[in-house]
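K.L.:
Below: sequence and its predicted model.
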Amino acid sequence: MNTNKIALVTGANKGIGKEIARQLGALGFTVLVGSRDAERGAVAAKELVAEGHDAVVLPLEVTSAESVAAAAATVEAAYGRLDVLVNNAAIIPAGDGPVSEVASDVLRSAFETNVIGLVAVTRAFLPLLRKAPAARVVNLSTSLASFAQVGDPDSRMSTVTTLGYNSSKAAANMVTVMLANELRDTGILVNAADPGNCATDMGGWNAPRTPAEGAAVAVTLATLDKNDPTGHVYAEEGRLPW
Ligand SMILES: NC(=O)c1ccc[n+]([C@@H]2O[C@H](COP(=O)([O-])OP(=O)(O)OC[C@H]3O[C@@H](n4cnc5c(N)ncnc54)[C@H](OP(=O)(O)O)[C@@H]3O)[C@@H](O)[C@H]2O)c1
């Protein structure tokens, strides 16, 4: 029987998600490497196993109800519970842009992955999270979802005009708060992690932070103690304003 804690990271075949999986693996978790492409997920899991971590690919396309249900059924059959869920998978859709220009389909696709997919995964895995003694949920956020930062004309965030990404991530922040409220009496803590601008396919390869640096805050939130806060967003420097 596997006595490790079990963690699922969505979109863990590359980027910050793979680094979160690696760091949780180093802490002794069995890590389920969520990946919409099973082959690329298997390559990532193999890399982590070669480094000495307990990692297994879990095919998971967050916008597909069938895929989400199948992934939850697989985890239930294999482990009967889930200790940590990291909702990392997200997109900046092609064609994303300012309010005056962005096409409705582009906006829709951002919400489909970054909000509806995130909620669908969370809902499907909640029964398994409830079966763990002290489950944690971490949603990846961004300073581009902060009203305080995007609303500050002196902030670099106010110059980034990807409405689909920013607004869907802001909606995901509300999911974080509302799920934290809903689960407040269960011991399950729900927080959001802003990794900062990291060098990945999404962040751009000239970004100042490494994926490993970006992953660290999510790993901290995935391993909080029982009296730690719930329903907040954190970056490396501490708690952020919504
Ligand atoms: N990089 C940054 O500077 C930065 C800053 C702030 C917040 N973040 C957040 O950090 C998280 C990770 O970002 P990243 O930079 O590592 O991005 P990334 O390199 O583009 O990786 C995104 C991951 O999400 C997966 N994904 C996308 N849509 C999916 C879907 N429908 N179903 C399943 N998986 C899906 C991707 O799979 P494929 O490989 O198949 O596309 C990939 O594994 C995101 O939530 C992002 O918003 C990043």
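P.N.:
Cool, got the structure.
K.L.:
Residue 67 versus the residue lying closest to residue 219 once chain neighbours are set aside, what's the distance?
P.N.:
The shortest distance from residue 219 to any residue other than its chain neighbours is 4.5 Å, reached at residue 23 (Cβ to Cβ, 6 or more residues apart in numbering). The C-beta positions use only the backbone N, C-alpha and C, and glycine is treated the same way. Residue 23 sits 25 Å away from residue 67 when distances are taken as Cβ to Cβ, to the nearest Å.
K.L.:
quick one on the thing from earlier: show me which residues of the helix or strand where the residue nearest to residue 219 lies are buried.
P.N.:
Taking DSSP states H and E as the definition, residue 23 sits inside helix 15-26. Buried residues in helix 15-26, counted by 16 or more other Cβ atoms under 10 Å: 15-25.
K.L.:
next one: stretch 235-242
P.N.:
By neighbour count, with 16+ other Cβ under 10 Å as the criterion, the buried positions of stretch 235-242 are 235, 240, 242.
K.L.:
Ok, stretch 105-121 next?
P.N.:
By neighbour count with 16+ other Cβ under 10 Å, stretch 105-121 contains the buried residues 106-107, 109-121.
K.L.:
which one of those residues is nearest the ligand?
P.N.:
Nearest to the ligand among those, counting by Cβ to the nearest ligand atom, is residue 113 at 4.5 Å.
K.L.:
Now do the contacts for the closest one.
P.N.:
Contacts here follow Cβ atoms under 8 Å, 6 or more residues apart in numbering; on that basis residue 113 touches 62-63, 89-91, 168.
K.L.:
Please list which of the buried residues of helix 15-26 are also close to the ligand.
P.N.:
With the criterion set as Cβ under 6 Å from any ligand atom, the members of the buried residues of helix 15-26 near the ligand are 15-17.
K.L.:
ok, of those residues, which one's closest to the ligand?
P.N.:
Of these, the one sitting nearest to the ligand (Cβ to the nearest ligand atom) turns out to be residue 15, at 2.4 Å.
K.L.:
Now do the same contact list for the closest one.
P.N.:
Contact analysis of residue 15 by Cβ under 8 Å, 6+ apart lists 198, 200-203, 211.
K.L.:
which SS class is residue 12?
P.N.:
Using DSSP: H, G, I helix; E, B strand; the rest coil, the secondary structure recorded for residue 12 is coil.
K.L.:
and residue 82, that's in a helix?
P.N.:
No. Membership of residue 82 in a helix is not supported by three-state DSSP, which gives coil.
K.L.:
Now the element after the longest helix along the chain, going C-ward?
P.N.:
Using DSSP state H to assign secondary structure, the helix with the most residues in the chain is helix 163-182. Next helix or strand after helix 163-182 toward the C-terminus (DSSP H and E): strand 189-193.
K.L.:
Following element in sequence after that following strand, please.
P.N.:
The next secondary structure element downstream of strand 189-193 (using DSSP H and E) turns out to be helix 211-222.
K.L.:
Parallel or antiparallel, which strands does the helix or strand that comes right after that next one pair with?
P.N.:
Next along the chain after helix 211-222, taking DSSP H and E as the criterion, comes strand 233-235. Sheet pairing here is set by DSSP bridges, and for strand 233-235 it gives strand 189-193 (parallel), strand 238-239 (antiparallel).
K.L.:
which one of the ones you listed lies closest to residue 11?
P.N.:
Ranking those by distance to residue 11, with Cβ to Cβ as the measure, places strand 189-193 first at 13.7 Å.
K.L.:
mind saving the C-alpha coords of that closest one as PDB?
P.N.:
What follows is strand 189-193 as a C-alpha-only set of coordinates in PDB (Å, rounded to 0.1, in the frame of the first residue of the first chain):
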ATOM      1  CA  LEU A 189      -7.200  24.900   3.000                       C
ATOM      2  CA  VAL A 190      -7.600  26.600  -0.400                       C
ATOM      3  CA  ASN A 191      -5.200  29.400  -1.500                       C
ATOM      4  CA  ALA A 192      -3.800  30.900  -4.700                       C
ATOM      5  CA  ALA A 193      -0.200  31.200  -5.700                       C
END
